[in-house]
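Asks: Coordinates for the following, if possible.
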Amino acid sequence: MKYYNSISEGYNKLHKEEQLKKLAIIKKNIKIKNSDYLLDVGCGTAFSLEHFNCKKTGVDPSIRLLKQNKKDDLIQSVGEYLPFKDDSFDIIISITAIHNFDDLKKGLREIKRVAKDKIIISTLKRSSKNNLIEKEIMKLFKIDKIIKEDKDIIYFLNKK
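Replies: Numbers count the residues shown, from 1 in each chain. Model (predicted):
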């Protein structure tokens, strides 16, 4: 979290273009209704939420990143302890954040717990945690589709 707090002012300049590519892929591959509830786990500055026309919430541990967005429903929290009831969200996204979790297994279990159905997780191809991430994803979720783009692997998942 110290890293993200330290780069918070330039976060969008550093990561926005890359994240927009992933958001376009996600939007092309899922249907979202206005009535859907969407959660972005590890939302950063939450610019990703601007791209979805539904009810949306973002969580991120970095208060400095969250403070850059005044429009959306944002909560300071880590992915391993999501402050929501079971089955709260129709769609959960986590874009290039999962590899930053302190306890990857717990974070994925939390995502599954608060999800009703659709889960989209992207991971950095170069992350040293990719094998563990894929192993845990295969244990916990039904994989609908995997898309490998330039820098990331995007998993389209459902609860088992």
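Asks: just for the chain, where's the confidence low?
Replies: Along the chain, the parts satisfying pLDDT under 70 run over 1-17, 71-72.
Asks: run the last query once more with 80
Replies: 1-20, 64-65, 68-72, 160 (pLDDT under 80).
Asks: Which strand or helix spans the residue nearest the centre of the chain?
Replies: Centroid check for the chain by Cα atoms, centre = their mean gives residue 94 as the closest residue, at 1.1 Å. Per DSSP states H and E: residue 94 is located in strand 89-95.
Asks: May I have the beta-bridge partners of residue 41?
Replies: On the basis of DSSP bridges, residue 41 is bridged to residue 59.
Asks: So what's the residue count around the closest residue in space to residue 21 that isn't next to it in sequence?
Replies: Closest residue to residue 21 apart from its sequence neighbours, by Cβ to Cβ, 6 or more residues apart in numbering: residue 149 at 6.6 Å. For the C-beta atoms, the positions are set from N, CA and C on the backbone; glycine is no exception. Other residues near residue 149 number 14, with proximity taken as other Cβ atoms under 10 Å.
Asks: what helices or strands is whichever helix or strand residue 134 is part of leaning on?
Replies: Per DSSP H and E, residue 134 falls inside helix 130-140. Using 3 or more Cβ pairs under 8 Å, 6 or more residues apart in numbering; DSSP states H and E as the contact test, the elements touching helix 130-140 are helix 104-114, strand 115-124, strand 152-159.
Asks: CA atoms only for that helix - export them in PDB, please.
Replies: The C-alpha atoms that make up helix 130-140 are tabulated as PDB, following Å, rounded to 0.1, in the frame of the first residue of the first chain:
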ATOM      1  CA  ASN A 130       0.600 -16.500 -11.600                       C
ATOM      2  CA  ASN A 131       0.900 -20.200 -11.000                       C
ATOM      3  CA  LEU A 132      -0.600 -19.900  -7.500                       C
ATOM      4  CA  ILE A 133      -3.300 -17.500  -8.800                       C
ATOM      5  CA  GLU A 134      -4.400 -19.900 -11.500                       C
ATOM      6  CA  LYS A 135      -4.300 -22.900  -9.200                       C
ATOM      7  CA  GLU A 136      -6.600 -21.200  -6.700                       C
ATOM      8  CA  ILE A 137      -8.900 -19.900  -9.400                       C
ATOM      9  CA  MET A 138      -9.300 -23.400 -10.700                       C
ATOM     10  CA  LYS A 139     -10.100 -24.700  -7.200                       C
ATOM     11  CA  LEU A 140     -12.700 -22.000  -6.400                       C
END
